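J.: Based on what follows, work out the 3D shape:
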Amino acid sequence: AVHGKAEGPGLDAPVVGLKIEQPGNIDAGQYDQAVRDITNFLEYAGEPAALKRQQLGVWVILFLALLTFLVYLLKKEYWKDVH
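T.: Numbers count the residues shown, from 1 in each chain. Prediction:
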(Lines give C-alpha, C1' and ligand atoms only; values in the text may rest on other atoms or scores of the structure.)
Protein backbone atom coordinates (compact mmCIF):
# COMPACT_ATOMS: atom_id res chain seq x y z
CA ALA A 1 0.00 0.00 0.00
CA VAL A 2 2.18 2.78 -1.29
CA HIS A 3 -0.50 5.47 -1.41
CA GLY A 4 -2.79 4.24 1.36
CA LYS A 5 -2.36 2.99 4.87
CA ALA A 6 -0.62 -0.34 5.40
CA GLU A 7 -2.95 -2.75 7.11
CA GLY A 8 -2.37 -6.19 8.52
CA PRO A 9 0.30 -7.90 10.59
CA GLY A 10 3.92 -7.40 9.53
CA LEU A 11 3.25 -4.60 7.07
CA ASP A 12 5.19 -1.37 7.35
CA ALA A 13 3.81 2.06 6.66
CA PRO A 14 4.64 3.52 3.23
CA VAL A 15 7.85 5.52 2.81
CA VAL A 16 7.08 9.22 3.03
CA GLY A 17 10.58 10.71 2.86
CA LEU A 18 14.22 9.72 2.94
CA LYS A 19 17.13 11.31 4.78
CA ILE A 20 20.88 10.72 4.66
CA GLU A 21 22.20 9.06 7.81
CA GLN A 22 25.82 9.91 7.08
CA PRO A 23 27.47 11.67 4.15
CA GLY A 24 29.27 9.61 1.52
CA ASN A 25 33.02 9.60 1.04
CA ILE A 26 33.34 9.80 -2.76
CA ASP A 27 33.32 12.88 -4.94
CA ALA A 28 30.87 13.62 -7.76
CA GLY A 29 33.14 12.15 -10.47
CA GLN A 30 33.56 8.86 -8.65
CA TYR A 31 29.83 8.72 -7.96
CA ASP A 32 29.02 9.28 -11.64
CA GLN A 33 31.49 6.54 -12.64
CA ALA A 34 30.00 4.11 -10.11
CA VAL A 35 26.47 4.81 -11.36
CA ARG A 36 27.66 4.36 -14.97
CA ASP A 37 29.33 1.04 -14.11
CA ILE A 38 26.25 -0.27 -12.29
CA THR A 39 23.97 0.82 -15.13
CA ASN A 40 26.15 -0.88 -17.75
CA PHE A 41 26.30 -4.07 -15.69
CA LEU A 42 22.52 -4.16 -15.22
CA GLU A 43 22.00 -3.62 -18.95
CA TYR A 44 24.36 -6.53 -19.70
CA ALA A 45 22.77 -8.73 -17.01
CA GLY A 46 19.34 -8.05 -18.49
CA GLU A 47 20.30 -9.61 -21.83
CA PRO A 48 23.78 -11.17 -21.92
CA ALA A 49 23.21 -12.50 -25.45
CA ALA A 50 22.81 -8.96 -26.84
CA LEU A 51 26.51 -8.60 -27.71
CA LYS A 52 26.56 -11.88 -29.64
CA ARG A 53 23.27 -11.02 -31.35
CA GLN A 54 24.56 -7.61 -32.47
CA GLN A 55 27.78 -9.12 -33.84
CA LEU A 56 25.78 -11.73 -35.74
CA GLY A 57 23.51 -8.99 -37.08
CA VAL A 58 26.43 -7.31 -38.85
CA TRP A 59 27.27 -10.55 -40.67
CA VAL A 60 23.62 -11.09 -41.62
CA ILE A 61 23.37 -7.60 -43.13
CA LEU A 62 26.61 -8.14 -45.10
CA PHE A 63 25.33 -11.51 -46.36
CA LEU A 64 22.01 -9.98 -47.44
CA ALA A 65 23.82 -7.17 -49.27
CA LEU A 66 25.98 -9.70 -51.15
CA LEU A 67 22.96 -11.87 -51.92
CA THR A 68 21.04 -8.85 -53.23
CA PHE A 69 23.92 -7.98 -55.55
CA LEU A 70 24.16 -11.55 -56.87
CA VAL A 71 20.39 -11.78 -57.41
CA TYR A 72 20.51 -8.46 -59.30
CA LEU A 73 23.24 -9.81 -61.60
CA LEU A 74 21.21 -13.00 -62.14
CA LYS A 75 18.12 -10.95 -63.01
CA LYS A 76 20.10 -8.91 -65.52
CA GLU A 77 21.38 -12.12 -67.12
CA TYR A 78 17.90 -13.68 -67.38
CA TRP A 79 16.20 -10.56 -68.76
CA LYS A 80 18.93 -9.33 -71.14
CA ASP A 81 17.23 -10.81 -74.24
CA VAL A 82 13.72 -9.58 -73.40
CA HIS A 83 12.83 -6.43 -75.34
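
J.: quick one, phi/psi of Gln55?
T.: Main-chain dihedrals, Gln55, degrees, to the nearest 10: phi -70, psi -40.

J.: Can you tell me how far it is from Leu66?
T.: 18 Å (CB to CB, to the nearest Å). All C-beta spots, glycine's among them, are computed from the backbone N, C-alpha and C.

J.: just Lys75 next, same as before
T.: Taking CB to CB, one finds Lys75 at 15 Å from Leu66.

J.: same check, this time on Asp32
T.: Distance check for Asp32 against Leu66: by CB to CB, it reads 44 Å.

J.: Equivalent analysis for Asn25, please.
T.: For Asn25 relative to Leu66 (CB to CB), the value is 56 Å.

J.: more neighbours, those two?
T.: Leu66 (10 against 6; other CB atoms under 10 Å).

J.: so which helix or strand takes in the more buried one?
T.: Assigned by DSSP states H and E, Leu66 belongs to helix 50-79.

J.: show me where pLDDT drops low in this structure?
T.: Scanning the chain for pLDDT under 70 picks out 1-10, 12-13, 83.

J.: Swap in 50 and give it another go.
T.: 1-2 (pLDDT under 50).

J.: was I right about Ile26 contacting Val35?
T.: No: with contact defined as CB atoms under 8 Å, Ile26 does not reach Val35; the gap is 10.8 Å.

J.: what's around Ala34, how many residues?
T.: Neighbours of Ala34 (other CB under 10 Å): 11.

J.: ignore the last one, Leu18
T.: Using other CB under 10 Å, Leu18 has 6 neighbouring residues.

J.: ok, now Gly46?
T.: Count around Gly46 with other CB under 10 Å applied: 8.

J.: Begin at 22 from now on, thanks
T.: Happy to do that; since the first residue is 22 now, the last one works out to Gly67.
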